[in-house]
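*Asks:* Fold the following, please.
(2 chains)
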Protein chains: 2
Amino acid sequence: MFRLRAIPVLALLGAAAATCVTLAEPAPAAPPRTMAEILAASTPADWRPLDPENTLYLDLAAGRVVIELAPAFAPAHVANIKVLVREGFFDGLSIHRAQDNYVVQWGDPDSDDADKRRAMRQAKRSLPAEFDRTLAPGLPFTALPDGDVYAPETGWSSGFPAARDAKSGRAWLTHCYGMVGAGRDNDADSGSGADLYVVIGHAPRHLDRNVTLVGRVVRGIEILSVLPRGAAAMGFYDKPEQRVPIRAMRVAADVPAAERVSLEVLRVDTPTFAALVESRRNRHEEWYKHRAGRIEVCNVPLPVRPRAPIAE
Amino acid sequence: MFRLRAIPVLALLGAAAATCVTLAEPAPAAPPRTMAEILAASTPADWRPLDPENTLYLDLAAGRVVIELAPAFAPAHVANIKVLVREGFFDGLSIHRAQDNYVVQWGDPDSDDADKRRAMRQAKRSLPAEFDRTLAPGLPFTALPDGDVYAPETGWSSGFPAARDAKSGRAWLTHCYGMVGAGRDNDADSGSGADLYVVIGHAPRHLDRNVTLVGRVVRGIEILSVLPRGAAAMGFYDKPEQRVPIRAMRVAADVPAAERVSLEVLRVDTPTFAALVESRRNRHEEWYKHRAGRIEVCNVPLPVRPRAPIAE
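*Replies:* Reported below is the predicted structural model:
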């Protein structure tokens, strides 16, 4: 939808007005708005609640990290992660890696050792890779207008930054800040979701289509991004006592409603999101002297806020 | 120089071989190398030492942060920062802002209060903006081949990620992870270098040409990136006791040689850097299943290492 913005708006409106007399407010009359103004003017219909069945809580001593899962892109990994979580696989394990400008990672540090690794019951220890998926007609995709270094086209698919390639008919999630992926060994099909990482630095887009991305941190990333960096290779903690214990990892649906974090996310298939993107392409806050006129997928913020209580 | 890589190498070599019989090693015979292999094979001439006169030390209880200054892009700001440092302006001040996925900032929290702010002697309290500079023929610029969302062309200029626009004849530094800038108020000419910030998240490229960038952290960024995020608006610490005191900020040239951190940086005008970029565009480590074939300016690493003692 943003591509239209490159075409003079008056001409479009002129053509439309001939057949649509109910057009209420010509766009040129609207003053440019900041993101804050756009969000303040949003309506409840611009927001969607998180689905408790596809929301994870990673509970640490420092607080709760909330992750929205992406079953549309990684159905098998998402299903397996939920089995792992419900088996209590992660409880008592730890964050064992923090690499600056890259990732924080958690799971079983002994997963390579068949004698020491934590048992799984129903969960699978490895899964076929889900690096990308078919670009089906039904896949929601709000395209961005300004191109990308790594992909033919980028945009947002529901709650996630994504890319697509009409030529190959594939779509995939992109490694932006806060995205969560399933670590793997050298074999493409060696991951399972038992080892998870989150991006805490500049988007490592070379990982796109090399790892299965499974979701995005929607709250509490600052609990992870401030963890002391590990001194061993690739940011692994070199001493076990540096590891950060996981109190529990749970599917939100399994948590009593009163103990859940009730959040809602801005929908990306709305004029409000389109206006937000435009407000970030061309910032009208007084401070800005030069408007970029462009935006890259990982610089588009997707607002998340506490969900207002529903009137009874 | 990288643009040549898009042209079949054999054809080029064939033409060159006719006039240059000393060509020792046809490129196609060379196996692809990883970054680690390329750096291991580098020669001393591939590296340049930091200039102590354009290197700053930011000393905190947690350690030392080393910053390389960029006088080629921000001569007036760099000169003023060095005056401030030599006046002891920063000593005893503090880091007062840490905003997740954005910046860590330090300086005088009372700079807006004429009664409370710290005095300056020779330093200036505001300077004309140096958001970009003339694209002079002598400006070193190693261009990257894969385009950019925000600028007509990106690359590296000595130790810094940069952009240029042949049409407007301007060049500027880009807001990549670790870049250091001079905070300002709404007036473009209100900065001075007395308030400095460093990027600790995904490159906020919309800040390009809106702030004067003055340098880059070349060591110790993980001391800053793990600081607890501030709870007030824009990540400012809401309680004075949360601020992180600056023990001292010094120009390396003013520090006794024995107390300096002796570092060297990979030159960007070398075949070694070109090979490094190519090794990151197309990764040949066994783990990678999909080669990006592209790289964005802020994903190019510029290696820094301790300088080997010089034989006498």
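
*Asks:* Based on its surroundings, how many neighbours for the closest residue to A:Asn54 other than its chain neighbours?
*Replies:* Once flanking residues are discounted, A:Asn54 sits nearest to A:Leu69: 4.2 Å by CB to CB, 6 or more residues apart in numbering or on different chains. C-beta coordinates here come from the backbone N, C-alpha and C atoms, glycine included. A:Leu69 has 28 neighbours, counted by other CB atoms under 10 Å in any protein chain shown.

*Asks:* Repeat that for A:Ala253.
*Replies:* Residues lying near A:Ala253 (other CB under 10 Å) number 14.

*Asks:* Now do the same contact list for it.
*Replies:* Residues counted as contacts of A:Ala253 (CB atoms under 8 Å, 6 or more residues apart in numbering or on different chains) are A:52-53, A:55.

*Asks:* correct me, but A:Arg133 touches A:Gly169?
*Replies:* No. With contact defined as CB atoms under 8 Å, A:Arg133 does not count as touching A:Gly169 (9.9 Å).

*Asks:* Those two: which is more packed in?
*Replies:* Under the criterion of other CB under 10 Å, the comparison of A:Arg133 against A:Gly169 puts A:Arg133 first, with 19 against 12.

*Asks:* Which strand residues bridge the more buried one?
*Replies:* Here A:Arg133 shows beta-bridge partners A:Ala171, assigned using DSSP bridges.

*Asks:* ok, back up a step: what subset of the contacts of A:Ala253 is buried?
*Replies:* Among the contacts of A:Ala253, those classed as buried by 16 or more other CB atoms under 10 Å in any protein chain shown are A:Thr55.

*Asks:* between the contacts of A:Ala253, which is closest to chain B?
*Replies:* Of all the contacts of A:Ala253, the one sitting nearest chain B is A:Thr55; the distance, using CB to the nearest CB, is 20.5 Å.

*Asks:* The closest one against A:Arg64, yeah?
*Replies:* No. In terms of CB under 8 Å, A:Thr55 does not count as a neighbour of A:Arg64; the distance is 11.2 Å.

*Asks:* Residues contacting stretch A:92-110, please?
*Replies:* With CB under 8 Å, 6+ apart, stretch A:92-110 has contacts from A:58, A:60, A:89-90, A:116-118, A:183, A:194-202, A:204, A:224-225, A:227-230, A:234-237, A:240, A:243-246, B:177-178, B:221-222, B:225.

*Asks:* pLDDT of stretch A:222-239, averaged?
*Replies:* For stretch A:222-239, mean pLDDT rounds to 97.

*Asks:* Sort out which residues of it are buried, please.
*Replies:* By 16+ other CB under 10 Å, the buried positions in stretch A:222-239 come out as A:222-227, A:229-230, A:235-237.

*Asks:* what's the offset of that stretch from the middle of its chain?
*Replies:* Stretch A:222-239 sits 22 Å away from the centroid of its parent chain (CA atoms, centre = their mean, to the nearest Å).

*Asks:* same question, stretch A:151-168
*Replies:* Computed by CA atoms, centre = their mean, the chain-centroid distance of stretch A:151-168 equals 13 Å.

*Asks:* contact partners of it?
*Replies:* A:68, A:70, A:72-73, A:135, A:139-144, A:148, A:150, A:170-174, A:176, A:179, A:208, A:213, A:215-216, A:218, A:265, A:268, A:273, A:296-298, A:300, A:302.

*Asks:* how long is that stretch end to end?
*Replies:* Using CA to CA, to the nearest Å, one end of stretch A:151-168 lies 12 Å from the other.

*Asks:* List the buried residues in it.
*Replies:* Across stretch A:151-168, burial judged by 16+ other CB under 10 Å covers A:151, A:153-164.

*Asks:* mind checking how far the residue nearest to A:Pro128 when sequence neighbours are not counted is from A:Thr212?
*Replies:* Of all residues not flanking A:Pro128 in the chain, A:Asp189 sits nearest, at 5.1 Å (CB to CB, 6+ apart). Applying CB to CB, to the nearest Å, the value for A:Asp189 to A:Thr212 is 10 Å.

*Asks:* Good, we can wrap up now.
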